[in-house]
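[1] give me a model of this one.
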Amino acid sequence: MLIEREAPLQRLREMARQAAAGQGGIALVIGEAGIGKSYLLKEFAAGLGAGYQVLQGGCEDLFTPRALGPLRDMAPRLGSEFAGLLDGAGSERLFPKLLAWLAGARSATVLLVEDVHWADQATLDLLKYLARRVAGMRVLLLASVRSDELMAGHAFWRWVGDLPPASTQRIALSALSPQAVARLATAAGRDSDELYRITSGNPFFVTELLAAADGCASLPLSVRDAVWTRVARLDEEERALLEILSLSPVPCEDWLLSGVLGPQAMAACDRCTGRGLLVATAAGHFMFRHELARLAVASQIAPARLRELHDRVSDVLGSAQRPVELARLVHHAAAARDPIRVLRLAPRARRSTRI
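    Numbers count the residues shown, from 1 in each chain. Sure, this is the predicted structure:
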C-alpha cells in the first residue's frame with residue numbers, strides 16, 4: 001500500500017507518458033535507506049501499460065564491483081550479441097550499440113537502475129552517455145539513489161552534475177508524516193505517538209515494528225540487521241562514536257564526545273551526519289537520526305564493553321567544569337557499575353528529591 005507517495009508516483013507516470021511521446025528524460029529517485037524507493041519503483045513499473053518495456057538492473061555493494069553490473073542484469077532481454085560485447089568490447093562499441101537498440105525498440109523503454117550510489121565507474125559512464133542522448137527518444141532513464149550513502153566527494157556528485165538539467169528530475173522521498181503513521185498504527189491497534197517517536201516516520205522501520213508481535217516492545221531482527229549492515233561499513237572512529245551516542249537518548253555535546261574519543265570525534269560526527277546516521281540539534285549537540293538505530297547499535301555492544309564505555313563517559317561528565325544534570329551522572333555511573341561514584345552522587349540525589 002502506497003502512503004504519501006501518490007505525488008512521486010504521478011511524476012514518474014507523467015515522465016513515462018512524455019517518453020512514450022518521444023520526449024525522453026532522466027528521473028532520480030532519492031532517499032535514505034528504508035524510505036520506500038524500491039517499493040515506489042515496483043508500483044510504478046507494475047502500472048505501466050502494454051506500450052512499455054522495462055529493462056531493470058541493479059548495482060551491488062561488492063568489494064570488487066561488477067563492471068556494468070546493471071547492463072549484465074539486462075543482457076538476457078537485450079540479446080546474445082550484448083553478452084559478448086560486455087566481456088570484450090570497449091565503451092566506444094558497447095554504448096552506441098545499446099543506444100541504437102533503444103532507438104529501434106518497438107515499445108517505449110524504461111531503463112531502471114537501482115542503487116546507483118554503488119555503481120562502478122563504467123556504469124556511471126554508460127548512464128551519462130545515454131542521459132545526454134535520450135531527450136528525443138522514447139526512453140526514460142530511472143535510477144534510485146540512497147542519499148545516506150552520498151558523502152562529499154562521492155562519484156555520484158560528479159556524475160549527476162554532468163546530467164542535462166532540462167531533462168533531469170530529482171524526486172526526493174521524505175519520511176512519513178505523523179498523520180500517515182497514525183493511520184497505519186490505528187489500523188493495527190498500536191500506539192501511534194510511540195511508533196512515530198522511535199521511527200521518525202521511516203517506512204521500513206514503521207512496517208517492521210507493526211509486523212512484530214509485540215509492537216514497539218522489542219527490536220525486530222530485520223531492523224537490527226539493517227542498521228548493522230550500515231554500521232559495518234563505517235571506519236573504527238565512526239563505529240566508536242556511534243557506540244558512545246547509543247548509551248543514552250540524550251543528545252551529546254561536542255566537548256563530551258571529544259573528551260571520550262579524542263579530537264577526531266568531531267570529524268567522525270561530520271561524516272556520520274553526512275551519511276544520515278546522526279543529526280545535530282539546534283544547540284549543536286549530536287544524536288541518532290532514528291531512535292531505532294540507536295537501540296540497534298546499543299543492543300550489539302558486549303556487556304564488558306558497555307560498562308567500559310559508560311565508565312569513560314562518567315569520567316568526562318564527572319570532571320566537567322560546567323553544569324551537568326544529575327540524572328545523566330547517575331545513569332552512566334550506575335551503568336558502569338561504579339558503586340563508589342554512585343554513593344558519592346547519592347546525597348545530591350536525595351536533596352534533589354526534596355526540592
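
[2] residues contacting the nearest residue in space to Leu124 that is not next to it in sequence?
    Nearest-residue entry for Leu124: Trp159, 4.6 Å, with adjacent residues in sequence omitted and distances by C-beta to C-beta, 6 or more residues apart in numbering. C-beta here means a position set from N, CA and C on the backbone, and glycine is covered the same way. Listed by C-beta atoms under 8 Å, 6 or more residues apart in numbering, the contact partners of Trp159 are Leu124, Leu127, Lys128.

[3] okay if I get the residues you listed as JSON lines plus pLDDT, neighbour count and secondary structure?
    Below are the contacts of Trp159 laid out as JSON lines (pLDDT from 0 to 100; neighbours: other C-beta atoms under 10 Å; DSSP: H, G, I helix; E, B strand; the rest coil):
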{"residue": "Leu124", "pLDDT": "95", "neighbour count": "18", "secondary structure": "helix"}
{"residue": "Leu127", "pLDDT": "96", "neighbour count": "23", "secondary structure": "helix"}
{"residue": "Lys128", "pLDDT": "96", "neighbour count": "18", "secondary structure": "helix"}
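
[4] and of the residues you listed, the nearest to Ile171?
    Using C-beta to C-beta, Leu127 is the member of the contacts of Trp159 that lies nearest Ile171, at 16.3 Å.

[5] against Leu241, how distant is that closest one?
    Per C-beta to C-beta, to the nearest Å, Leu127 is found 34 Å from Leu241.

[6] repeat that for Phe82.
    Going from Phe82 to Leu241 by C-beta to C-beta gives 46 Å.

[7] so which of these two has more stuff around it?
    The neighbour count for Phe82 versus Leu241, taken as other C-beta atoms under 10 Å, is higher for Leu241 (27 against 20).

[8] separation between that one and Arg72?
    37 Å.

[9] same question, Ala293
    From Ala293 to Arg72 the distance is 33 Å (C-beta to C-beta).

[10] try Ala298
    Taking C-beta to C-beta, one finds Ala298 at 40 Å from Arg72.

[11] do the same with Arg337
    54 Å.

[12] how is the chain carved up into domains?
    6-172, 175-218, 220-354 (automatic domain parsing).

[13] ok, back up a step: more neighbours: Ala298 and Arg72, which one.
    Using other C-beta under 10 Å, the more surrounded residue of Ala298 and Arg72 is Ala298, with 19 against 16.

[14] over to that one. Which of the three states is it?
    helix (DSSP: H, G, I helix; E, B strand; the rest coil).

[15] quick one: contacts for it?
    Going by C-beta under 8 Å, 6+ apart, Ala298 touches Ser246, Leu247, Leu306.

[16] now do 7 Å
    Counting by C-beta atoms under 7 Å, 6 or more residues apart in numbering, Ala298 touches Ser246, Leu247.

[17] and stretch 38-48, what's buried?
    Tyr39, Leu40, Leu41, Glu43, Phe44, Ala45, Leu48 (16 or more other C-beta atoms under 10 Å).

[18] run the chain-centre distance for that stretch.
    The chain centroid and the centroid of stretch 38-48 are separated by 20 Å, computed with C-alpha atoms, centre = their mean, to the nearest Å.

[19] same check on stretch 231-251?
    16 Å.

[20] now stretch 28-38
    Using C-alpha atoms, centre = their mean, the offset of stretch 28-38 from its chain centre is 7 Å.

[21] what of stretch 332-350?
    In this view, stretch 332-350 has its centroid 39 Å away from the chain centroid, taken as C-alpha atoms, centre = their mean.

[22] other residues contacting that stretch?
    Arg307, His310, Asp311, Val313, Ser314, Leu317, Gly318, Leu326, Leu329, Val330.

[23] other SSEs contacting the helix or strand hosting the fifth one?
    Using DSSP states H and E, the element containing Ser314 is helix 303-318. Where contact means 3 or more C-beta pairs under 7 Å, 6 or more residues apart in numbering; DSSP states H and E, helix 303-318 is packed against helix 236-245, helix 254-261, helix 326-335.

[24] redo those helices as JSON lines? Include mean pLDDT and distance to Gly284.
    Listed next are these as JSON lines, based on pLDDT from 0 to 100; distance: least, C-beta to C-beta, whole Å:
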{"stretch": "helix 236-245", "mean pLDDT": "97", "distance to Gly284": "14"}
{"stretch": "helix 254-261", "mean pLDDT": "95", "distance to Gly284": "7"}
{"stretch": "helix 326-335", "mean pLDDT": "86", "distance to Gly284": "17"}
